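Participant: Here is a sequence with its predicted model. Questions after.
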Amino acid sequence: MPDVVALTSVVSSGLVALGGIGATVWSGRQQRQHEKRLAYEGRAWERKSDALFSVIASARRLLDVLEGDERRRERLGVDVESILDDLRESGPIVEAYASEACRAALHDLATLLDAAERDLVAPFQVARIRRQKEEAIDAGDFEEAARLRHRERQVSRAAAEALNLDQQEAASRARRLIAAARDSVQGA
């Protein structure tokens with residue numbers, strides 16, 4: 001009889017030990033899977049939030065131009081293309097991670113800006129004129145720099161006047177995009 005008790009004690013201790021090892025292995029595997037999911041979610045959150053903040057910044061920049069003073073509004077024809085490029089760049093990430101309302105608002109604003117008949121050459125002309133203006137300032141030729149600044153404003157003004165964009169609708173869509181992106185960042 002004492003042999004049965006001792007044997008049962010040894011066997012049950014062994015089974016408990018094996019169960020403990022098995023539980024440790026299983027929980028370690030579960031922990032690694034959990035850490036992988038957390039790492040993925042962290043990367044996804046980082047990409048999503050970066051894209052949404054970029055979308056908010058682009059829409060805010062459009063609103064600043066649309067609601068700004070005359071000098072700011074005359075830059076609209078030049079700035080629309082870079083704003084549209086920024087929205088397009090963030091589009092795939094917003095499409096993958098953001099809310100339906102945010103995706104729809106981004107699509108609506110991008111569609112409106114894309115449909116506007118814009119001068120695609122003006123941004124390059126303004127960039128070239130700015131480089132020339134900076135070179136003139138560096139050379140101390142302030143009369144040339146002033147002439148180039150005047151030329152820069154002429155090109156910007158002409159691009160803004162040629163732009164076929166419903167500015168009130170663009171502002172409304174930009175506000176809607178900002179609100180939807182903000183809600184998406186906050187997880188609403």
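Facilitator: Yep, that arrived. Numbering: from 1, shown residues only.
Participant: Name the nearest residue to the residue positioned nearest the centre of the chain, sequence neighbours excluded.
Facilitator: The centroid of the chain falls nearest to residue 51 when counting by Cα atoms, centre = their mean (2.1 Å). Spatial nearest neighbour of residue 51, chain neighbours left out: residue 93 (3.7 Å); criterion: Cβ to Cβ, 6 or more residues apart in numbering. All C-beta atoms are positioned from the backbone trio N, CA, C, and that covers glycine.
Participant: Read off the pLDDT value for that neighbour.
Facilitator: With respect to pLDDT, residue 93 scores 90.
Participant: Could you report the separation of it from residue 176?
Facilitator: From residue 93 over to residue 176 the distance is 19 Å, taken as Cβ to Cβ, to the nearest Å.
Participant: Just checking, which helix or strand of the protein averages the lowest pLDDT?
Facilitator: Least confident helix or strand of the chain, by mean pLDDT, DSSP states H and E, is helix 2-66 with a mean of 81.
Participant: Could you pull out the buried residues of the very next helix or strand once past that helix?
Facilitator: Moving toward the C-terminus from helix 2-66, the next helix or strand (DSSP states H and E) is helix 70-73. For helix 70-73, a neighbour-count test (16 or more other Cβ atoms under 10 Å) marks residue 73 as buried.
Participant: picking up where we left off before, tell me which other helices or strands the host helix or strand of the residue nearest to residue 51 touches.
Facilitator: Assigned by DSSP H and E, residue 93 belongs to helix 76-97. Packed against helix 76-97 by the contact rule (3 or more Cβ pairs under 8 Å, 6 or more residues apart in numbering; DSSP states H and E) you find helix 2-66, helix 100-115, helix 122-138, helix 142-162.
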